[in-house]
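[1] sequence and predicted structure are below.
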Amino acid sequence: LHTPDQAQVLEGVEFVNMGRAGEWDRFPVQLLYNGPTPGTSVSGNAIRGSHQRCVVLEGTSNVTIAENVAHRSRGHCIYLGFRSQHNRVASNLVSEQTYAEHHEQIPAQNDRQAAAFLNWFMPNDYVGNVAVGNRMYGYMFHNLHQVYKEDGSNANEGNPRTNPLGTFHGNAAKSNGEHGMLMQHFEQPGKIAFTDLALLKNRFYGIYMYNARHATFSGRFWENGIGLLLAWSDDVRVENSTFRGLSDATAALTRPPYFSRRCAGYFNPPVGYRMGTQIHRKNGYPGTEHNNRGATLVNVKFSEFDLDGDAGCDGSSVPITFETQHVRTPHFDYVSAFHNVSWDGPRLAAAEAAAAAGFVDIVITDVDGSSA
């Protein structure tokens, strides 16, 4: 639909086997360059077996996308593109979505790395959505440093990475084949918050955050490969959250003859929090703080990481380990503070992971004597 400045209502429709693989602007639902359209609603629809994406917004704002169900679509599903702001994405369910093969992708697009919910431009509100059983990602927010035109040229409209987030509350990502949430390049000056999250049983990461700052997380990080990774991200706060490694029930269901053992082959040993070791783009880099703040954990509980050999973990599952891939020099300059953090089992952190990468100057200070 290309109806600039005109509200549209699309509700209660079933779309089956629609969309054309590899072609621009051939999706079950698309609102294209409509500008601000208050009153527009794409709600209560069912999209099944789409050959390319589900609901796509480009250059369209003030739309409500709510209570839709999408199943077995190909490529990104609910897609908010450039210049699409102040939209509300609420209570949608996307399940068993898969990626587009190389020969099926739209030129210069990334549907091979398909996300149930993809956001290129902020702010938009995401509330109460569920991404479950998808082949790749649940949520992907990929903020580029400039706005691109369709021909790939720079639109000279500033840096989208500095836009605020919008509301992100009560969203769930369960049993996705890559990450529950992939969040990249948040360089906004103010605080952003991801609250009441449910990141459950995602294969690799519950949340993978790269190059971000001023972010707060709260929720459940349960039985993911790694619950939370912070790569080159500063001033991050995790509060009122629980991290779980592997429950007895899941361990019983993921051992032979039912499936492979949880810590062997296809899966990673469960880790709760992969802590940063270095700050990236610090000390005067445009748009960043001079004083690095690291991460703070408040009212956080780690449990069920003390796994026996029956799961195949052999001591490799721990509440906290260290991020040693995104580094430039073997010097630990990432400060973390813990307040009311608890864990069961004999181990809290795998410091040997940092030592193996050359980080030997880790300093732990018990400020108030609470860990004595």
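    Thanks, I have the structure now.
[2] Leu57: what secondary structure?
    strand (DSSP: H, G, I helix; E, B strand; the rest coil).
[3] helices of the stretch 201-350 of the chain, residue ranges please.
    248-253 (DSSP state H, counting those that start in this stretch).
[4] which stretches of it have low pLDDT?
    Along the stretch 201-350 of the chain, segments meeting pLDDT under 70 span 258, 260-262, 264-267, 277-291, 308-312, 314-315, 326-333.
[5] all strands in it, in order from the N-terminus.
    Assigned by DSSP state E, counting those that start in this stretch, the stretch 201-350 of the chain shows strands spanning 205-222, 226-231, 234-244, 271-275, 295-303, 318-322, 336-343.
[6] turn those into TSV, including distance to Ile192 and mean neighbour count.
    Every residue, glycine included, has its C-beta placed from N, CA and C. Formatted as TSV, the strands of the stretch 201-350 of the chain follow (distance: least, CB to CB, whole Å; neighbours: other CB atoms under 10 Å):
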stretch	distance to Ile192	mean neighbour count
strand 205-222	5	23
strand 226-231	14	25
strand 234-244	10	21
strand 271-275	19	26
strand 295-303	15	20
strand 318-322	23	25
strand 336-343	19	16
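[7] next one: stretch 117-128 to chain centre, how far?
    11 Å (CA atoms, centre = their mean, to the nearest Å).
[8] tell me which residues in it are buried?
    Phe117, Leu118, Asn119, Trp120, Phe121, Met122, Pro123, Asn124, Tyr126, Val127, Gly128 (16 or more other CB atoms under 10 Å).
[9] quick test: name the residue nearest the centre of this protein.
    Met181 (1.6 Å; CA atoms, centre = their mean).
[10] hey, what's that one bridged with?
    Tyr139, Ile207 (DSSP bridges).
[11] swap in the one 5 residues further on?
    According to DSSP bridges, the partner residues bridging Phe186 are Ala212.
[12] what's the spacing between it and Phe194?
    Using CB to CB, to the nearest Å, one gets 10 Å for the distance from Phe186 to Phe194.
[13] list residues touching both of those two?
    Ala215 (CB atoms under 8 Å, 6 or more residues apart in numbering).
[14] got the contact list for the residue nearest to the centre of the chain?
    So Met181 contacts 137-141, 173, 194, 197, 199, 205-208 (CB under 8 Å, 6+ apart).
[15] let me know the closest of those residues to Glu101.
    If you rank those by distance to Glu101 using CB to CB, Tyr137 comes first, at 16.6 Å.
[16] how many neighbours does the closest one have?
    28 (other CB atoms under 10 Å).
[17] cool, and Arg347?
    Neighbour tally, Arg347, other CB under 10 Å: 15.
[18] and what of Asn143?
    22.
[19] likewise Ala7?
    Ala7: 14 neighbours (other CB under 10 Å).
[20] any idea how far it is from Thr40?
    Counting by CB to CB - Ala7 and Thr40 are separated by 5 Å.
[21] now Thr321
    From Thr321 to Thr40 the distance is 46 Å (CB to CB).
[22] again with Leu31
    From Leu31 to Thr40 the distance is 7 Å (CB to CB).
[23] sweet, I'm off.
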